[in-house]
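Peer 1: Have a look at this prediction, sequence included:
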Amino acid sequence: MDIYQEFIMDHAKNPRNSGRIKGEIKIAAANQLCGDKADIYIKIKKNKLADIKYEIDGCILSKAALSIFSEHIKTKSMKTILKIKNKDIFKLIGAEPGPSRQKCVLFAAEAIRSLALNRQKAKISK
Amino acid sequence: MFNVEKIRKDFPILKRKINGCPLIYFDNAATTQKPAVILAKLRRQYAFSHSNVKQGAYRIAEETTQKFEAARKKVAEFIGAGKPREIIFTRGATEAINLAAYSLGRRLKKGDRILVSLSEHHSNFVPWLRLAREKNLKLDIVKLTPEYNFDWPDFKQKLTKKTKLVAIAHISNVSGFVYPVEKICKEAHIAGALALIDGAQSAGHIPVDVRKIGCDFYAVSGHKMLAPSGIGALYGREEILEKLEPFMSGGKMIAEVTTKNVSWNDLPWKFEAGTPNIEGAILFGEAIDYLSKIGAKNIHKYDSELLNYAFKKMKKLEFVDLLGITSVRRRTGIIPFNIKGIHPHDAASWLDEYGVCLRAGHHCAQPFMKHLGVSATLRASFYIYNTKKEIDYFIEALEKIYPRIR
């Protein structure tokens, strides 16, 4: 599994869903290991992820992973998003990088999942 | 005579292949490799002499204690300390600085100022930032010149009568600049401040003489100079160490304990609570023997040769961004750079395919990175076993990976 295969390079060079959504939820995700950052904009309707956009400053892996992940989760319910495991994300991008690069793939997805988790917790406590 | 081919034979790791390519280890500012003789001695010490130190009245305990204290003497001599009792063994340079921050911090008062530079490694930045926050001190930060060297006029301006401590690296772990530590310590003392020098990148790389530098504290890392990881040392001037409270508490650092009271052991043991990294310290001494045979001056000279050679070659590559550093003057073999249009992590992964080990990241110097206007850089750093041939190979690897982004 080459982490720089064509599929990943294509998503890194032509990121899907990149941009901004005004007036909706904004998540600031960061990879503490290298300082890469992503601002992720999310629109939720009836507990479904109606739209997602983002601005990312990062490496090929992080750009491609967020692009692929955003395509995957768009229109899915927050409950489904919460169930996505790390290994599912590696399957989605078609590569499992070594330990030093896994955070590149996961940091934006982790931020989105933690938003989903916090919303679920808030709902339960209501 | 510096014989790199002979030196290379001492390092088993250099025989390794990565993806069928020779291993080119250019991450020496992070940690250095270990010669076979050190590894053999480590095994022998654990296998046939291991015991605790400073307590057993039997043969192997005496042997081990003797070797442990002999290692302290070697460290003292290697960095020019007057007495072995001025050398405290620590887990590394980080712990050495934390020890100073803790023990010195107890004597600082609200409004006192500490002066560091913008390029400090987090290990010589965060302890002071934390101390300043906890004790209401002011942390002043010396700026860098446009070429990222130490800004002397800014230092002079920020050094005031309220400055109680100046804490500066001898060599920047990001840029490789050698800072004018002698002058810094002299000025600090005139202002009435103490001076701590972070020597993590300098001991074992350039000649170090703490008394000539005139510092009050000097932090050393063992694993960055051939010793195993988990060992380092803090040099402290005797009369200052005498006045300071211990860092950690426990066994070996006490003179007497009653149910109500405790008195401290003599220097340096007052600062060495608990069973130390015995084998680490002994092997630190062995590493010093190994390096002393080559000679610190020769090591520095060879390092400069590698730096000159690599820097000249890298300058010619138009896709290499040397981050504004234009010369090798007053620098050691550490080269920070980026490849235009390629994120450092991708570049490091691609270089790894050719067996080239480089650091990509913020180098534990985020304030410096922010100043550079980047989140991360690549960094090539050399040591005694690296060669010009390896640099040629590295340059070729750079030329191969660059087109991959196009």
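Peer 2: Thanks, I have the structure now.

Peer 1: A:Asp57: how many residues sit nearby?
Peer 2: 14 (other Cβ atoms under 10 Å in any protein chain shown). (Glycine included, C-beta is placed from N, CA and C.)

Peer 1: And chain B, is the worst-scoring helix or strand of chain A on mean pLDDT touching that?
Peer 2: The weakest-scoring helix or strand in chain A, judged by mean pLDDT, DSSP states H and E, is helix A:102-125 (a mean of 91). Yes - Helix A:102-125 reaches chain B (Cβ under 8 Å from any Cβ of the partner chain) through A:Cys104.

Peer 1: List the single closest residue to B:Gln55 in space, sequence neighbours excluded.
Peer 2: Of all residues not flanking B:Gln55 in the chain, B:Ala61 sits nearest, at 6.8 Å (Cβ to Cβ, 6 or more residues apart in numbering or on different chains).

Peer 1: again but with A:Arg16, I slipped
Peer 2: The nearest residue in space to A:Arg16 (Cβ to Cβ, 6+ apart) is A:Ser67, at 4.8 Å.

Peer 1: Over to B:Glu238?
Peer 2: That would be B:Glu86: by Cβ to Cβ, 6+ apart, it lies 5.3 Å from B:Glu238.

Peer 1: Pull the contacting residues for the one you found.
Peer 2: Counting by Cβ atoms under 8 Å, 6 or more residues apart in numbering or on different chains, B:Glu86 touches B:76, B:235-238, B:241, B:267-268.

Peer 1: B:Lys312 and B:Asp392: what is the separation?
Peer 2: Between B:Lys312 and B:Asp392 the distance is 12 Å, computed by Cβ to Cβ, to the nearest Å.

Peer 1: Can you tell me which residues in chain A are near chain B?
Peer 2: A:3-4, A:33-37, A:57-61, A:97, A:101, A:104.

Peer 1: and the residues you listed, which of them are in strands?
Peer 2: A:36-37, A:57 (DSSP state E).

Peer 1: ok so, going back, just the buried subset of the residues of chain A next to chain B, written out for ChimeraX, thanks.
Peer 2: To isolate the buried members of these in ChimeraX, using 16 or more other Cβ atoms under 10 Å in any protein chain shown:
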select /A:3,4,33,34,35,36,37,58,59,60,61,97,101,104
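
Peer 1: Mind picking the one among the residues of chain A next to chain B that's closest to A:Lys13?
Peer 2: A:Ile60 (8.6 Å; Cβ to Cβ).

Peer 1: so which helix or strand takes in the closest residue to that closest one other than its chain neighbours?
Peer 2: The shortest distance from A:Ile60 to any non-neighbouring residue, by Cβ to Cβ, 6+ apart, is to A:Ala12 (4.2 Å). In this assignment (DSSP states H and E), A:Ala12 forms part of helix A:6-13.

Peer 1: could you give the angle of that helix to helix A:102-125?
Peer 2: Orientation note: helix A:6-13 sits at an angle of 70 degrees relative to helix A:102-125 (axes from the mean of the first three to the mean of the last three Cα atoms, to 10 degrees).

Peer 1: quick revisit: quick one: residues contacting the residue nearest to A:Ile60.
Peer 2: A:60-61, A:63-64, A:67.

Peer 1: returning to that earlier point: please convert the ones in strands among the residues of chain A next to chain B to a markdown table, extending it with pLDDT.
Peer 2: Listed next are these as a markdown table, based on pLDDT from 0 to 100:
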| residue | pLDDT |
| --- | --- |
| A:Asp36 | 87 |
| A:Lys37 | 91 |
| A:Asp57 | 91 |
